[in-house]
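>>> let me see the structure of the following:
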Amino acid sequence: PVRAADLILCLERALARRRLVDENQRLRGELALYAAARTLASTLEPDEVFALALEIAGRALGKKRGFAIFQRPDLSDSIGMHCDGLVESEIARLRALIAHGKRVDWSAYPAIARVERGPLAELLRAAELPEAGALVVPLRGEESDAGLLCLIEPPDRPDALPQLAIVAAHAGVALRNAERYRRARDRAFVDDATDVYNARYLLEALDREVRRSERYGTELSILFIDLDRFKLVNDNHGHLVGTGVLRQLSRLLTQSVRQVDTVARYGGDEFTILLADTGERGARVIAERIRKWVADYAFEADAGRTLKLTCSVGLATYPAHGRTREALLDAADKAMYRAKSQGRNRVCSVSELT
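Prediction:
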């Protein structure tokens with residue numbers, strides 16, 4: 001017969017083995033979570049930080065159903081969004097609500113918590129998503145980068161909050177790195193003569209904006225601007241006056257567009273402007289305004305004299321006129337040369353080339 005003491009000893013050993021197995025599984029899961037979260041450190045684009053953090057958080061909790069919303073730092077009035085595990089109808093409702101002004105105040109969520117009330121609860125309710133048990137994870141950098149993860153119907157696990165805290169901590173470091181990288185990149189990509197971005201920055205920014213337009217289903221336009229007969233300015237007044245004219249033109253172009261748009265000197269007297277979330281019709285209005293402002297402007301020359309100049313503008317729009325950086329630049333350049341061939345001081349869109 002089995003003695004009671006032996007039975008108790010066997011049970012205690014079994015329980016100890018079970019606790020050891022559970023602890024090993026917990027430690028392996030925590031190590032895997034740390035390893036996944038560390039990949040955030042190499043991510044220097046804020047929207048990719050939020051997308052990856054959402055994926056890691058969902059995987060850690062075994063529940064891939066949620067979304068991330070965040071402020072896009074280069075578009076101050078635009079909210080970015082990534083979804084994981086939501087069906088198309090739910091995503092469409094969320095996008096429509098955010099597009100029509102249903103915004104979330106990031107400061108209302110200072111820490112990881114259950115969603116009980118406030119703007120996020122209202123957003124979930126309006127999007128017909130379940131509020132009960134939803135978790136909010138705020139993510140912030142040091143400056144402008146801010147947003148949150150919302151995990152819908154997460155499992156009721158005691159380790160949920162500590163695991164999300166690990167993800168949030170690594171994402172916060174990644175956002176701060178992204179902000180520092182953006183500052184350093186901006187300083188390195190400024191044209192010395194005109195104080196606007198240079199061609200290197202333009203190529204990178206255009207790549208980035210094409211990817212965003214593809215992801216969010218928005219349009220993007222590019223203006224290719226060239227001063228008419230600028231060579232005569234250098235020949236008749238000297239290169240010092242010519243450089244001064246380019247500097248005045250860059251200020252004029254910067255004042256003629258929104259803060260979220262990108263003005264860059266492409267080379268010589270050629271400038272480009274990236275117009276975010278702008279279709280062909282809106283870009284033409286802006287291009288015509290620039291053309292008129294340049295024609296009416298009195299450029300300062302030497303000895304108190306002024307110069308009157310004009311410009312030719314080529315216009316191309318994503319995706320109608322090209323889906324890559326190279327295609328858009330080439331199309332806008334050809335449209336600009338068509339404007340010159342038609343008499344200069346005019347705007348030509350790629351749509352007119354055919």
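
>>> so what's the spatially most central residue of the chain up against?
By C-alpha atoms, centre = their mean, the chain has its centre lying nearest to residue 72, at 4.9 Å. If you count contacts by C-beta atoms under 8 Å, 6 or more residues apart in numbering, residue 72 has them with 46, 47, 78, 79, 80. Using the backbone N, CA and C atoms, a C-beta is placed for each residue, glycine as well.

>>> isn't the first one up against residue 146?
No - proximity of residue 46 to residue 146 does not meet the contact threshold set by C-beta atoms under 8 Å, at 9.3 Å.

>>> common neighbours of those two, please.
residue 70.

>>> who's more crowded, these two?
Neighbour count, other C-beta atoms under 10 Å: between residue 46 and residue 146, residue 46 has more, with 26 against 16.

>>> and the residue nearest to the centre of the chain, what's its pLDDT?
If you check residue 72, the pLDDT there is 72.

>>> from residue 94, how far off is it?
Distance of residue 72 to residue 94, computed by C-beta to C-beta, to the nearest Å: 16 Å.

>>> likewise for residue 155?
According to C-beta to C-beta, residue 155 stands 22 Å off from residue 94.

>>> ok, now residue 48?
Distance, residue 48 to residue 94, by C-beta to C-beta: 19 Å.

>>> so for the two, which residue has more residues nearby?
Counted by other C-beta under 10 Å, residue 48 and residue 94 do not tie: residue 94 has more neighbours, with 23 against 15.

>>> contact partners for the closest residue to the more buried one other than its chain neighbours?
Excluding the flanking residues, the one nearest residue 94 by C-beta to C-beta, 6 or more residues apart in numbering is residue 127, at 5.0 Å. Residues near residue 127 by C-beta under 8 Å, 6+ apart: 90, 93, 94, 97.

>>> what of residue 282?
When contacts are counted by C-beta under 8 Å, 6+ apart, residue 282 is found next to 221, 275.

>>> A strand includes it, no?
No - if the criterion is DSSP: H, G, I helix; E, B strand; the rest coil, then residue 282 is helix and not within a strand.

>>> pLDDT value on it, please?
95.

>>> do the same with residue 215
pLDDT recorded at residue 215 is 86.

>>> tell me which element it falls in.
Using DSSP states H and E, residue 215 sits in helix 199-216.

>>> quick one: buried residues of that helix?
201, 202, 203, 205, 206, 208, 209, 210, 212, 213 (16 or more other C-beta atoms under 10 Å).

>>> what sits against the third one?
Applying C-beta under 8 Å, 6+ apart, one finds that residue 203 lies in contact with residue 325.

>>> now residue 157: closest residue in space that isn't a chain neighbour?
Closest residue to residue 157 apart from its sequence neighbours, by C-beta to C-beta, 6+ apart: residue 61 at 6.9 Å.

>>> dihedrals phi and psi, that neighbour?
Note on residue 61: its backbone torsions stand at phi -90, psi 0 [degrees, to the nearest 10].

>>> count of neighbours near it?
Other residues lying near residue 61 total 21 when counted by other C-beta under 10 Å.

>>> state the distance from it to residue 54.
Separation of residue 61 from residue 54 (C-beta to C-beta): 11 Å.
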